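Asks: this one's sequence-less:
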């Protein structure tokens, strides 16, 4: 188990360095001069030089990357903005705010959104999938299967406003989606995030319904299920005790892969409901061509995905011992 | 998923069919059918598949005939009718008539704010969506197939390198990269302080979607080639001295068309959604090019007062994506009747 973990962590660090290197190169090597963008429309050449020097952009690209990377661990002094303690991802060009603290500020919103949505996706998706498999071929199965086709074809930016229009504007059943810190008032936090959770879940739940259904059916056809039945176990016990466990292994793996997509979905969801999360930060940074912010958000996003993938892998290795041997 | 070789693809029902045809009359002898014909026969019997194919074709026709529709209907997507003609929009920029200003003149109503015609915007918007989705599907399929086959066939270090790239790409927060890369590609291609031309944004969208999209196809193809590579018929071809090119194009490719086509049909609706998502986030096709994504963006700001405007692109896209997804499923069933879903 330890060697498995070490291997995965080393692999993850390599991937993160690669991602940050590629992103850094892409952002800073393009012809559009970040210093010019930062300096503004009317910018005398001397000021431009100064800005460039203050931002550390007069140095070769690789030195710049090294400065950026080392700042994460030891901090860095910017002539332009002043000191930036570790972990430092630089200062935003648009708001002059430290990138790291901006991301930390937004983090709880995105975390609440994705965590809550994951709960809805897994519980609801697995539940409906199991129901469909339990009643295979019957009307319930057909309803679950065909609604999963519709669900998978829906778009967040279409369903989101519609749900708000009907449940909030017209019927007044729920409050307008917004973010209230969990530590402040858990109930308000829950009620205000309910619509975003459900909307973000819709497109994913359908997939899990389909997968759970087919996995369950596959497991039910396995030899061990037949053996259990032959020994006189009731259909219900076989279904809920035996087949269920076997079906969950691939579902967990796929959920690990989907986490990246879920984060992407969170960007659109945040934009749809104007929640001020990391996704909204990224979109704003794109609109302002705010390179340090973009770089920071991308690297933090990639790091989150990579770490979560390791967690899923460990969970997976825990459930299924065969994985550890490979 | 297993993809049987073409000769093994005959199902029970087809066998029955052949027998029935033979029994119908003495002149109708047992005819051999190509795998393509078998697939077409199976597909034609699939009612869902035929209906969704018709819907998809209708969308393609509408996209193709957009100028004709616009001419017959007498409006175009660019004119701000609401600003030019008084009495269409109120002082807040919303259509005066109920339901988004639907009337005999404007069948699908008016866009709040500028007062452009929704029907023509929608019809021309299909063009943008489908063109981008088609280009990206073709490009990412070509790239994915090439790299996937290379990876699987050559093996060794090449396989390792391509495999790592695929893994990295698939573990990326690709949606984040999508919105982040578009301005980067833009600025790599345009001089600073210059307006981004429309065709260039179009190219950036295609490039970025392709770069982030080929990995799934490549991984699938790699797995297919890896399993096919060890089969007897490939070995036989190698032993008889066939060149790698012959093995790939004449022996492997016929067995790979099915997964390639299935993968492409399932990918296209995803690209339609991704393109609209970019528009919604404000990094899609720029203004004056009609675009569904931007209609969603406008719709999401005006829906409190005018929900109808959001309904048209939303429902159209829902129908298109459902039809395409069902079509993909049907094509998969037709090509590969043994696969369980």
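Replies: Arrived safely, thanks for sending. Note that the structure is a prediction, hence the values are computed from the model and not measured.
Asks: please count neighbours and contacts with C-alpha atoms only from this point.
Replies: Fine.
Asks: where are the low-confidence patches of the stretch 1-150 of chain B?
Replies: Counting by pLDDT under 70, the stretch 1-150 of chain B shows low-confidence ranges at B:1-29.
Asks: find the closest residue to chain A in it.
Replies: Nearest to chain A in the stretch 1-150 of chain B, going by CA to the nearest CA, is residue B:48, at a distance of 11.9 Å.
Asks: which helices and strands does the helix or strand containing residue A:205 pack with?
Replies: Assigned by DSSP states H and E, residue A:205 belongs to helix A:186-220. Other elements packing on helix A:186-220 under the criterion 3 or more CA pairs under 8 Å, 6 or more residues apart in numbering or on different chains; DSSP states H and E are helix A:99-134, helix A:139-153, helix A:156-163, helix A:244-272.
Asks: will you turn the ones you listed into a markdown table that also has mean neighbour count, distance to residue B:326 and mean pLDDT?
Replies: A markdown table is the format used below for those (neighbours: other CA atoms under 10 Å in any protein chain shown; distance: least, CA to CA, whole Å; pLDDT from 0 to 100):
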| stretch | mean neighbour count | distance to residue B:326 | mean pLDDT |
| --- | --- | --- | --- |
| helix A:99-134 | 20 | 19 | 88 |
| helix A:139-153 | 17 | 8 | 83 |
| helix A:156-163 | 21 | 20 | 89 |
| helix A:244-272 | 21 | 22 | 81 |
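Asks: which one, of those, ends up nearest to chain B?
Replies: From the helices and strands packed on helix A:186-220, taking CA to the nearest CA, the stretch that ends up closest is helix A:244-272, at 4.6 Å.
Asks: now do the contacts for residue A:238.
Replies: A:225, A:228-229 (CA atoms under 8 Å, 6 or more residues apart in numbering or on different chains).
Asks: next one, pLDDT for it please.
Replies: For residue A:238, the pLDDT comes out at 82.
Asks: so residue B:288, which state does it fall into?
Replies: coil (DSSP: H, G, I helix; E, B strand; the rest coil).
Asks: tell me which element the residue nearest to it when sequence neighbours are not counted falls in.
Replies: In this structure, residue B:288 finds its nearest non-sequential neighbour in residue B:78, 6.7 Å apart by CA to CA, 6 or more residues apart in numbering or on different chains. Counting by DSSP H and E, there is no helix or strand that carries residue B:78.
Asks: equivalent analysis for the one 5 residues further on, please.
Replies: Element membership for residue B:83, per DSSP H and E: helix B:81-84.
Asks: and for residue A:176?
Replies: Using DSSP H and E, residue A:176 sits in no helix or strand.
Asks: that one: what's it in contact with?
Replies: A:164, A:168, A:192.
Asks: returning to what we had before: so the residue nearest to residue B:288 touches residue B:116, yeah?
Replies: Yes - using CA atoms under 8 Å, residue B:78 makes contact with residue B:116 at a distance of 6.6 Å.
Asks: pick out whichever of these two has more residues nearby.
Replies: The neighbour comparison of residue B:78 against residue B:116 (other CA atoms under 10 Å in any protein chain shown) goes to residue B:116, with 23 against 15.
Asks: low pLDDT regions in the stretch 201-326 of chain A?
Replies: Those would be A:320-326, if you go by pLDDT under 70 across the stretch 201-326 of chain A.
Asks: which residues sit against the helix or strand containing residue B:167?
Replies: Taking DSSP H and E as the criterion, the element that holds residue B:167 is helix B:156-170. For helix B:156-170, contacts defined as CA under 8 Å, 6+ apart pick out A:15, A:257, B:147, B:150-152, B:212, B:215-216, B:218-219.
Asks: 7 Å instead, please
Replies: Contact with helix B:156-170 is made by A:15, B:151-152, B:212, B:215, as judged by CA atoms under 7 Å, 6 or more residues apart in numbering or on different chains.
Asks: now for the residue nearest to residue A:116 when sequence neighbours are not counted: which residues touch it?
Replies: Nearest residue to residue A:116, sequence neighbours excluded (CA to CA, 6+ apart): residue A:197, at 6.0 Å. Residues near residue A:197 by CA under 7 Å, 6+ apart: A:113, A:116-117.
Asks: which of the residues you listed sits closest to residue A:266?
Replies: Nearest to residue A:266, judged by CA to CA, of the contacts of residue A:197 is residue A:113 at 7.1 Å.
Asks: separation between that closest one and residue A:196?
Replies: Separation of residue A:113 from residue A:196 (CA to CA, to the nearest Å) stands at 7 Å.
Asks: show me what from the stretch 151-300 of chain A comes close to chain B.
Replies: Neighbours of chain B within the stretch 151-300 of chain A, by CA under 7 Å from any CA of the partner chain: A:153-154, A:157-158, A:161, A:165, A:169, A:214, A:257, A:260-261, A:263-264, A:283, A:286, A:294, A:298.
Asks: picking up where we left off before, give me the contacts around the helix holding residue B:83.
Replies: The contact list for helix B:81-84 (CA under 7 Å, 6+ apart) reads B:88-89, B:114-116.
Asks: for the helix or strand that that helix is followed by, packing partners?
Replies: Per DSSP H and E, the first helix or strand lying C-terminal to helix B:81-84 is helix B:98-101. Packing partners of helix B:98-101 (3 or more CA pairs under 7 Å, 6 or more residues apart in numbering or on different chains; DSSP states H and E): helix B:308-335.
Asks: what about residue A:138, how many residues nearby?
Replies: Residues within reach of residue A:138, counting by other CA under 10 Å, total 11.
Asks: same thing with residue B:304?
Replies: Neighbours of residue B:304 under the rule other CA under 10 Å: 16.
Asks: follow-up on the earlier one: now name the helix or strand holding the residue of the stretch 1-150 of chain B closest to chain A.
Replies: helix B:47-64.
Asks: now do that helix against helix B:308-335, angle only.
Replies: 130 degrees (axes from the mean of the first three to the mean of the last three CA atoms, to 10 degrees).
Asks: from the contact counts, what lies against helix B:47-64?
Replies: For helix B:47-64, the packing partners by 3+ CA pairs under 7 Å, 6+ apart come out as helix B:118-154, helix B:308-335.
Asks: how about 6 Å then?
Replies: The helices and strands touching helix B:47-64, judged by 3 or more CA pairs under 6 Å, 6 or more residues apart in numbering or on different chains; DSSP states H and E, are helix B:308-335.
Asks: now the helix it packs on: average pLDDT?
Replies: Mean predicted lDDT for helix B:308-335 stands at 88.
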